[in-house]
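**Q** make a model of this:
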Amino acid sequence: MILSDPEGFRASLLRYGSMNSSQTASSRPRLFSGIQPSGSTHLGNYLGALKNWKKLQDDHDALYCIVDLHALTLPKEPGEVLTGTLEIAKMLLAAGIDPDRSAFFVQSHVPEHSELCWLMQTVTSFGELSRMTQFKDKSGRSSKFVSAALFTYPALQAADILLYDTDVVPVGDDQRQHVELSRDVAIRFNSRFGETFVVPEHKIPEAGARVMDLQRPDNKMSKSVDSPQGTIGMLDTPKEIEKKIKRAVTDNDGEVRYDRETKPGVSNLLEILAAATDGNAEDLANNYTQYGPLKADTAAALIEILQPIQQRVAELDDAEVTAQLARIKGIGDWTAQIYLLACLGRPDAWPAGDVALQTAMQHALSLPDRPKAPEMTTLAQNWRPLRAVAARLLWAYYRHLK
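**A** Just a heads-up that it's a prediction; the model follows:
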């Protein structure tokens with residue numbers, strides 16, 4: 001292992017690897033969530049995920065991932081995923097994701113995701129994958145080419161989650177099925193090969209978990225569906241937001257009431273307003289007797305929460321975002337190697353004469369205990385680096401292949 005900046009490495013390792021007494025692994029549940037870098041980020045992404053992510057940084061050991069490998073499940077032009085990765089990274093930073101408080105990284109920078117995906121496929125059945133509703137929806141919309149990756153990607157999603165000893169997965173309601181599959185796979189693997197993976201729980205926000213299309217309120221607002229008037233983009237201007245909300249589909253009876261089954265359009269507007277203002281959709285319905293004021297207040301609330309994000313996006317340039325991702329990836333490369341050495345328990349494998357590395361390893365091994373798998377080292381159980389996943393992968397291989 002060659003370190004071009006050993007002192008910088010040591011400082012980074014201590015920064016990302018250590019936790020103070022108020023933020024130990026035992027007191028802060030570990031959280032993982034990801035977002036694809038495909039299409040334009042819309043209101044559903046923000047209210048269903050990003051707004052919640054910002055809050056969860058305060059009391060969780062949070063890992064937020066740009067899942068660029070998942071974006072490849074649908075056909076992409078050369079360079080499209082890279083451009084999308086930079087755009088979504090910019091949006092995440094503008095929305096309040098703080099790399100100094102959360103692990104923020106790109107999925108393809110961590111090859112263990114792909115490696116563990118293969119092991120996950122060996123304990124995932126064809127029937128389980130064929131029942132995934134997202135595969136049915138997306139494959140049904142494609143008349144040309146349906147990739148095998150679109151069918152198997154829930155196994156990669158399970159690998160994403162299980163690599164990090166994840167306790168909580170904040171997702172929209174449409175992703176609940178995939179988290180349930182991750183739980184089933186973890187339980188099955190543990191049953192067959194011994195305790196290896198933490199079984200995660202899903203966390204769905206009360207409001208805004210599933211923002212619906214403004215023109216087709218029975219369908220989810222989506223990046224992959226062509227519905228420009230039904231989708232509010234994160235970078236839409238105030239006039240565009242007002243226009244789309246004003247034209248949102250409601251119904252003909254004129255009563256403002258929260259009822260998802262009989263009044264999906266009105267209920268969608270109430271849920272959007274509730275998510276934007278941290279309110280309750282049913283309670284908010286009591287404040288309105290006409291659709292016009294409801295639409296006006298919904299548009300105003302969206303403009304108020306989106307304008308600061310839009311201003312921050314405008315301030316960030318691609319070079320700054322690229323440098324940020326490169327810095328994080330560099331720290332991840334270093335920490336994964338440390339994790340490997342610690343998991344293997346081979347002090348003799350530590351590079352001779354590298355005092356900074358030796359000191360960092362000794363520090364990491366002294367971190368507090370988080371009992372998950374007794375056979376693993378203290379470091380492998382508890383350390384919080386950006387890319388501290390190699391030990392989890394090695395242990396899974398050992399369990400599966402021994």
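**Q** which residues of the chain score low on pLDDT?
**A** 1-27, 140-143, 172-174, 205-209, 223-225, 327-402 (pLDDT under 70).
**Q** just the strands in it please.
**A** Using DSSP state E, the strands found in the chain span residues 30-35, 61-66, 103-106, 168-170, 201-203.
**Q** quick one: contacts for the nearest residue to Glu87 once chain neighbours are set aside?
**A** Distances taken as Cβ to Cβ, 6 or more residues apart in numbering place Pro37 nearest to Glu87, at 6.9 Å, with adjacent residues excluded. (C-beta placed from N, C-alpha, C; glycine too.) Pro37 makes contact with 66-68, 71, 81, 84-85, 87-89 under the criterion Cβ atoms under 8 Å, 6 or more residues apart in numbering.
**Q** Thr85 versus Pro37, what's the distance?
**A** 4 Å (Cβ to Cβ, to the nearest Å).
**Q** what residues are shared contacts of those two?
**A** In contact with both Pro37 and Thr85: 66, 68, using Cβ under 8 Å, 6+ apart.
**Q** just give me the neighbour total for Ile241.
**A** 21 (other Cβ atoms under 10 Å).
**Q** likewise Val106?
**A** Neighbours of Val106 (other Cβ under 10 Å): 21.
**Q** ditto for Asp167
**A** If we define neighbours as other Cβ under 10 Å, then Asp167 has 18 of them.
**Q** and for Val321?
**A** 20.
**Q** what do you get for Thr152?
**A** So Thr152, with other Cβ under 10 Å, has 20 neighbours.
**Q** so it sits right up against Glu128, yeah?
**A** No. Here Thr152 lies out of contact with Glu128, judged by Cβ atoms under 8 Å, at a distance of 10.7 Å.
**Q** can you show me the helices along the stretch 1-150 of the chain?
**A** In the stretch 1-150 of the chain, the helices defined using DSSP state H, counting those that start in this stretch lie at 6-17, 43-45, 51-56, 68-71, 80-94, 112-122, 126-130, 133-141, 148-162.
**Q** angle of the last one against strand 61-66?
**A** Which is helix 148-162. 160 degrees (axes from the mean of the first three to the mean of the last three Cα atoms, to 10 degrees).
**Q** now stretch 175-193: buried residues?
**A** 175, 177-179, 181-186, 188-190, 193 (16 or more other Cβ atoms under 10 Å).
**Q** biggest separation within these, which pair?
**A** For the buried residues of stretch 175-193, the maximum inter-member distance is 26.5 Å, found between Gln175 and Phe193 (Cβ to Cβ).
**Q** so how far is stretch 254-262 from its chain's centroid?
**A** Centroid separation between stretch 254-262 and its chain, computed with Cα atoms, centre = their mean, to the nearest Å, is 32 Å.
**Q** name the residues that touch that stretch?
**A** With contacts defined as Cβ under 8 Å, 6+ apart, stretch 254-262 is touched by 263, 266-267, 270, 281-282, 284-285, 288-291, 294.
**Q** what does stretch 297-307 give?
**A** Against stretch 297-307 from outside (Cβ under 8 Å, 6+ apart): 43, 46, 51, 232, 234, 236, 238, 241-242, 245-246, 269, 272-273, 276-277, 288.
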